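Colleague: structure for this input, please:
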Amino acid sequence: MKHWKKRLQFYAHYNMNINIRILEQDFVLHPLGVAYWPEQEILLVADVHLGKVSHFRKHGSAVPYQAIVENFDRLDRIRKDFDPEHIIFLGDLFHSSLNMEWQIFEEWVTSIDNQVHLVAGNHDIISPLRYQELGIQIYQELKIEKFILTHHPEEHEGLFNLCGHVHPGYKLFGFGRQMLKLPCFYKSTNQMIFPAFGEFTGNYFMEPEDGDRIFAITGKEVIPIQ
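Modeller: Reported below is the predicted structural model:
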């Protein structure tokens, strides 16, 4: 077990992360839309949608090739920041069927020393055998302590739900009709929905209810919205 308590203050201030407490557990929210759970040494990532850029390029969209490797570069940066024992993807790791990005993913997985897990999402249609060959375990849902990890938002009595799928975003309004649209973590009483990590995924803009909390992300900082 790493000395996570000693490292928590560093995580909370490094790169403008924010630390929040849920059911007596710490979660470090990162500006790129992932969260580190130090007590469990888990990095949580939702909706990467690998292969989507290649899909766009195949159908004639002028998306630069660099956008493909950007997802892996960002994952590596975060992985090195936190050095987690486990990386858990909360669904929609791949956008659809196999394409050239699978080979990049294979090379990435075999180059790291973290254990990778996938909570399957509606876009995860690649054969589980492909993941098993890489040593990746796949789950429909995953219960850890008092938390239930799913892809779609779900209600489970007595459990706090960590999930993705929605691609939550929030609109910040300023003076003079200024508006800024940002991805966000969306936390309600028994649930936290993660922003989409992948490029070109879009956002669904949330309308918070009383007691809900918004943590907008800019890529450089996490902004708690009052």
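Colleague: in terms of secondary structure, what does the longest strand belonging to the chain contact?
Modeller: Assignment by DSSP state E gives strand 179-188 as the longest strand of the chain. Packing partners of strand 179-188 (3 or more CB pairs under 8 Å, 6 or more residues apart in numbering; DSSP states H and E): strand 168-173, strand 191-193, strand 213-217, strand 222-225. C-beta: built from backbone N, CA, C; applies to glycine.
Colleague: in its sheet, what does the last one sit against?
Modeller: Applying DSSP bridges to the sheet, strand 222-225 is found paired with strand 213-217 (antiparallel).
Colleague: show the average pLDDT along the strand it pairs with.
Modeller: Averaging pLDDT along strand 213-217 gives 96.
Colleague: try stretch 17-26
Modeller: 96.
Colleague: ends of that stretch, what's the gap?
Modeller: 12 Å (CA to CA, to the nearest Å).
Colleague: which positions in that stretch come out as buried?
Modeller: By 16 or more other CB atoms under 10 Å, the buried positions in stretch 17-26 come out as N17, I18, N19, I20, I22, Q25, D26.
Colleague: and stretch 178-191, by the same measure?
Modeller: L182, P183, C184, F185, Y186, K187, S188, N190, Q191.
Colleague: now that stretch: how far from the chain's centre is it?
Modeller: Between the centre of stretch 178-191 and the centre of its chain there are 14 Å (CA atoms, centre = their mean, to the nearest Å).
Colleague: got it, and stretch 180-193?
Modeller: On CA atoms, centre = their mean, the centre of stretch 180-193 falls 12 Å from the chain's centre.
Colleague: again, but for stretch 207-217
Modeller: 17 Å.
Colleague: same check, this time on stretch 84-92
Modeller: The chain centre lies 8 Å from the centre of stretch 84-92; the measure is CA atoms, centre = their mean.
Colleague: TSV for the helices and strands packed on strand 179-188, including distance to G158?
Modeller: Putting the helices and strands packed on strand 179-188 into TSV (distance: least, CB to CB, whole Å) gives the following:
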stretch	distance to G158
strand 168-173	24
strand 191-193	13
strand 213-217	21
strand 222-225	27
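Colleague: tell me which of these sits nearest to D92.
Modeller: strand 191-193 (13.0 Å; CB to CB).
Colleague: and the next element down the chain from the closest one?
Modeller: Downstream of strand 191-193, the next assigned helix or strand under DSSP states H and E is strand 204-205.
Colleague: contacts for that following strand next, please.
Modeller: Defining contact as CB atoms under 8 Å, 6 or more residues apart in numbering, one finds that strand 204-205 is touched by V166, H167, P168, G169, Y170, K171, K181.
Colleague: that one pairs with which strands?
Modeller: strand 168-173 (parallel).
Colleague: contacts for the partner strand, please.
Modeller: For strand 168-173, using CB under 8 Å, 6+ apart, the contacting residues are 179-186, 193-195, 203-206, 214, 216, 225.
Colleague: many thanks, have a good one.
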